[in-house]
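Participant: Pasted the sequence and its predicted model underneath.
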There are 2 protein chains.
Amino acid sequence: MATGAADGYGRMAGKPACTLLHLGPGYGNGVANLHNARRAFTPIVNVVGDHATYHRQYDAPLNSDIATLVKPNSIWAKSADSADSVAGLAAEAVAASYGPPGGPVSLVLPADSAWLPTTTEPVIAQKPTRPAPAGSAVDAAARALKAAKKPVVLLGGQACLADGLKAAARLEAAGVTVYSDTFVPRQPRGAGVFLPKKMPYFGEMALGELEGVDLMVFVGTTLPVAFFAYPDRPSVLVPDGCETLTLAERSEDSIAGLVALADALGAPAEGPVQTLAIADAAPDGQLNAYHCGTSIARHMPEGAIVCDDAVTSGTGVGFATATARAHEVLALTGGAIGIGLPIAVGAAVACPDRKVLSLNGDGAAMYTVQALWTMVRENLDITVVVFANHTYRILNVEMTRTGAGKAGPQASKLLDLGDPKIDWVSVAKGFGLPAVRCETAEAFDAAFAAAMAQKGPTFIEAAI
Amino acid sequence: MATGAADGYGRMAGKPACTLLHLGPGYGNGVANLHNARRAFTPIVNVVGDHATYHRQYDAPLNSDIATLVKPNSIWAKSADSADSVAGLAAEAVAASYGPPGGPVSLVLPADSAWLPTTTEPVIAQKPTRPAPAGSAVDAAARALKAAKKPVVLLGGQACLADGLKAAARLEAAGVTVYSDTFVPRQPRGAGVFLPKKMPYFGEMALGELEGVDLMVFVGTTLPVAFFAYPDRPSVLVPDGCETLTLAERSEDSIAGLVALADALGAPAEGPVQTLAIADAAPDGQLNAYHCGTSIARHMPEGAIVCDDAVTSGTGVGFATATARAHEVLALTGGAIGIGLPIAVGAAVACPDRKVLSLNGDGAAMYTVQALWTMVRENLDITVVVFANHTYRILNVEMTRTGAGKAGPQASKLLDLGDPKIDWVSVAKGFGLPAVRCETAEAFDAAFAAAMAQKGPTFIEAAI
């Protein structure tokens, strides 16, 4: 929970949140969401409390190999083994978490370093800057784009922030098709914002869309690849014979690169943006993710932060909100479901004056359901929606794609969440949230409108 | 959840459970309970699904350094990088999980190894045997015990299983004081069973009890150490000048060692056991952990399996159940709270004909609260008790012991779970369990008696 919240805070605040984790097991509980944070390049400083330095040798019950455990998801990791080393290493940790391109760092803090006196002065961390891409990279991209028949620019990470999208829209206006990665850490969307195409989740769909593309230019991202491999399906999502080129590495200033490229191409000063278009009337009939999206688009206020862990229901919502009031979306960058509730906690702490939406599949929401309690405790302005289809629908889809044939009863049961059906309203109320179940599109529209009209945490079970 | 359940299964079945974990993040979600399992020396085979071998190089979103992540909590780890290697490595994994003394192993299974055809035959895993301690170790222990003025034998792990306790009781009958580790993976208790003294949790209490002890003999365990270090308190729980000796390493057959030692000392054929003593009448008045223990002892059937993650409330229960009907206790071996619900799941799957009790602090129960749903789904015969004091009481205790002074409002709030108070009955009902809240000792006695009289999962919130 804490690490997912730190990711939400870091993405929205642009500076690291600090977590306090209890030795190896406490860090372990945060691994899945730190995986997502690493993939989002979010600055996070994890302080991992450890045994007193002299006590480590005795291998007490909570002892474990923290240095190894933190490695896969830390871009920097050190242990402060004396009280006097804490200030300097803490500043180093904060600076390191910025990267560029940033990510989680681990500062191990033995108990005696915390309780012994220190004689050192405070140390202020310096935030490193991102270098702009070399002029030669800009020139090369401009030349290649001019020469290509069907070029595409692919944005990721920093390139999808507001100023990146503004510059990318100029490229679109100059005749270059602009795509974004499938999963983007933070992306403005809706009215007044340029909406690049999104790389489809399924590899063969992506290659279908990219047919005939002869140049891909990467900005703040790298070679697009399939989320999973499947028998006889592609791993790399670049068409045969298509040239690839990098304008800006993830560690470079993608926004400066995009502006320079648009200038080099003589692109118009402004590019296309979405026009506000929301449904006048509430949808009616049986509830589904598209209806929910329509209602969310109708009522979501400007500046809302949408935390998307809705998995198979996310598409329906994203479709309708493309022309909603301007908002920002935080996506599941690392594929480790269960971030939708905690990341909303962190986003709400970072931006107390903005409405936060937490959209979750019911399978995903179970991973860190404890976050519901935190929302109440901190009185955060979060509206939680759980799309309750009572199944791990995405796993049903993925299993079909492996070609393993129709799932037998044992395999099917592993993907089923319907026996018993979770009473989400009862669970949410147990954690202290006002909660309502909606079984029709009209009911959801009314409940969501009511949630937007008030402040504080609230919960909607969308029975789809 | 899955790894905690695997621990419960492995401890009760004496053979490994197999988990299926989804790449690095899925493994990460299981780290805390694998830490406990490693400390319990429980055989577990974790199958960690990974990307297809040829897809790993592209670093897709779910990719991470699994080999490094699994290291701290795996006593064996390999990747089956071809379909033909799966059978042999799986058998190797099962055998490795037995140790001795056993523990979790990790078998990484790339997607293509799972979906490609194989030409190999099935391989049957061989279970390794534990060697008996050398005769010289038995002789040395016997000589030292005879020579010592105030000797103690300390049991852990396998030595605390039924046959180990029987042999250890003979030592007690021969005048040797027998202790067990503070946290034992699996220990029979109650009427007809020998109950060794338990090493106290707090170091200074342990050393107080051991004052004057001049010999400690370790059987299936090692040097006792404090759970945490604190300023000016001891790390090693052996009195100054006390000799230490190992009869049986954790990897050796402790039971054979204890029998041989008892024979060498000419100990009686049988030692002391607990006499059945349970309260005739239900306790009354305000509910507390001691009252709960009295009622649990009154109604718990013979053969019950008690999963103890009750932290500060555990002592009250353990006091009363010491003379209850014969049962077994599974303790929190690694200090990573949150095992009480999942380990009960695994114990109930391993022993479907025995009543399983899951005793939890409310802080601890929140870690893996999802396990409640699994109990219903699998219709397991588990009675869950959550001791709801709405605080992390153990952390209040530990903080005082660091000498940091009285906690300020911010620090206090970090240890508080009472704002809002979790409505455990609502949460449990949401997951499908029949649930009741008890605010008096009489109500708890009646609810617990009713739970023992039925089969299937049920939930009691003990409002202490």
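Facilitator: Noted; the coordinates are in hand.

Participant: rest of the way, CA atoms for contacts and neighbours
Facilitator: Will do.

Participant: so who does A:P101 touch?
Facilitator: Residues near A:P101 by Cα atoms under 8 Å, 6 or more residues apart in numbering or on different chains: A:41, A:130, A:250-252.

Participant: Would you tell me which one of those residues comes nearest to A:A141?
Facilitator: When the contacts of A:P101 are compared for distance to A:A141, the smallest value, 15.2 Å, is given by A:E252; criterion: Cα to Cα.

Participant: surely the closest one meets A:G102?
Facilitator: No. In terms of Cα atoms under 8 Å, A:E252 does not count as a neighbour of A:G102; the distance is 11.2 Å.

Participant: more crowded one of the two?
Facilitator: Between A:E252 and A:G102, A:G102 has the larger neighbour count (other Cα atoms under 10 Å in any protein chain shown), namely 25 against 21.

Participant: residue contacts, that one?
Facilitator: Contacts of A:G102 by Cα under 8 Å, 6+ apart are A:38, A:41-43, A:75, A:96.

Participant: nearest to chain B, of those residues?
Facilitator: When these are ranked by distance to chain B (Cα to the nearest Cα), A:R38 comes first, at 10.0 Å.

Participant: Tell me the spacing between A:N46 and chain B.
Facilitator: Look at A:N46 and chain B: by Cα to the nearest Cα, to the nearest Å, they are 16 Å apart.

Participant: again with A:A60
Facilitator: For A:A60 relative to chain B (Cα to the nearest Cα), the value is 6 Å.

Participant: so that residue makes contact with B:T222?
Facilitator: No. Using Cα under 8 Å, A:A60 makes no contact with B:T222, being 10.8 Å away.

Participant: the more surrounded of these two?
Facilitator: Set side by side, A:A60 and B:T222 show more neighbours around A:A60, with 22 against 19, by other Cα under 10 Å.

Participant: Tell me, what's the model's pLDDT at the more buried one?
Facilitator: pLDDT, the model's per-residue confidence, is 97 for A:A60.

Participant: And stretch A:321-328, end to end?
Facilitator: Criterion Cα to Cα, to the nearest Å; first-to-last residue distance in stretch A:321-328 is 10 Å.

Participant: I meant stretch A:177-196, not that one.
Facilitator: Distance across stretch A:177-196, first residue to last, is 8 Å (Cα to Cα).

Participant: chain center to it, what's the gap?
Facilitator: Centre-to-centre, stretch A:177-196 and its host chain are 13 Å apart (Cα atoms, centre = their mean, to the nearest Å).

Participant: Quick one: mean pLDDT for that stretch?
Facilitator: Stretch A:177-196 shows a mean pLDDT of 98 in the predicted model.

Participant: what's near enough to touch the residue in the stretch 251-400 of chain A that chain B sits nearest to?
Facilitator: With Cα to the nearest Cα, the shortest gap between the stretch 251-400 of chain A and chain B falls at A:G334, namely 4.7 Å. The contact partners of A:G334, by Cα under 8 Å, 6+ apart, come to A:35-40, B:61-62.

Participant: go on, A:A77?
Facilitator: Applying Cα under 8 Å, 6+ apart to A:A77 gives the contacts A:67, A:70-71, A:93, A:105-108.

Participant: Among the residues you listed, name the ones in strands.
Facilitator: A:105-108 (DSSP state E).

Participant: Buried residues in the lowest-mean-pLDDT helix or strand in chain A, which are they?
Facilitator: Ranked by mean pLDDT, DSSP states H and E, the helix or strand of chain A with the weakest confidence is helix A:393-401, at a mean of 78. By neighbour count on 16 or more other Cα atoms under 10 Å in any protein chain shown, the buried set for helix A:393-401 is A:393, A:396, A:399.

Participant: Does it reach chain B?
Facilitator: No. Under the criterion of Cα under 8 Å from any Cα of the partner chain, chain B is not reached by helix A:393-401; the shortest gap measures 11.2 Å.

Participant: Tell me how far that helix lies from the chain's centre.
Facilitator: Using Cα atoms, centre = their mean, we find the averaged C-alpha position of helix A:393-401 to lie 22 Å away from the chain's own average C-alpha position.

Participant: same check, this time on stretch A:238-247
Facilitator: The mean C-alpha position of stretch A:238-247 is separated from the chain mean by 26 Å, Cα atoms, centre = their mean.

Participant: And the contacts of that stretch?
Facilitator: Residues contacting stretch A:238-247 (Cα under 8 Å, 6+ apart): A:133, A:137-138, A:141, A:207, A:210-220, A:222-224, A:254, A:257.

Participant: In helices, which of those appear?
Facilitator: Of the positions in the contacts of stretch A:238-247, A:137-138, A:141, A:207, A:254, A:257 sit in helices, assigned by DSSP state H.

Participant: Name the residues of the stretch 301-450 of chain A found near chain B, please.
Facilitator: Those residues of the stretch 301-450 of chain A that sit near chain B, judged by Cα under 8 Å from any Cα, are A:333-336, A:366-367, A:370, A:373, A:376-377, A:402, A:404, A:419-432.

Participant: who in the stretch 151-300 of chain A is up against chain B?
Facilitator: Residues of the stretch 151-300 of chain A found near chain B, taking Cα under 8 Å from any Cα as the criterion, are A:225-229, A:231, A:235-236.

Participant: hang on, the earlier thing: so which of the contacts of A:A77 reach chain B?
Facilitator: A:70-71.

Participant: Most neighbours of all the contacts of A:A77, which one?
Facilitator: Most crowded among the contacts of A:A77, counting by other Cα under 10 Å, is A:V105 at 32 neighbours.

Participant: who are the neighbours in contact with that one?
Facilitator: By Cα under 8 Å, 6+ apart, A:V105 lies in contact with A:43-46, A:73-77, A:93, A:96-97.

Participant: can you do 6 Å?
Facilitator: A:45-46, A:74-77, A:97 (Cα atoms under 6 Å, 6 or more residues apart in numbering or on different chains).

Participant: Over to A:A40?
Facilitator: Taking Cα under 6 Å, 6+ apart, we find A:A40 in contact with A:185, A:333.

Participant: what about it, distance to A:V345?
Facilitator: Taking Cα to Cα as the measure, A:A40 and A:V345 are separated by 17 Å.

Participant: same question, A:S180
Facilitator: Counting by Cα to Cα, the separation of A:S180 from A:V345 is 26 Å.
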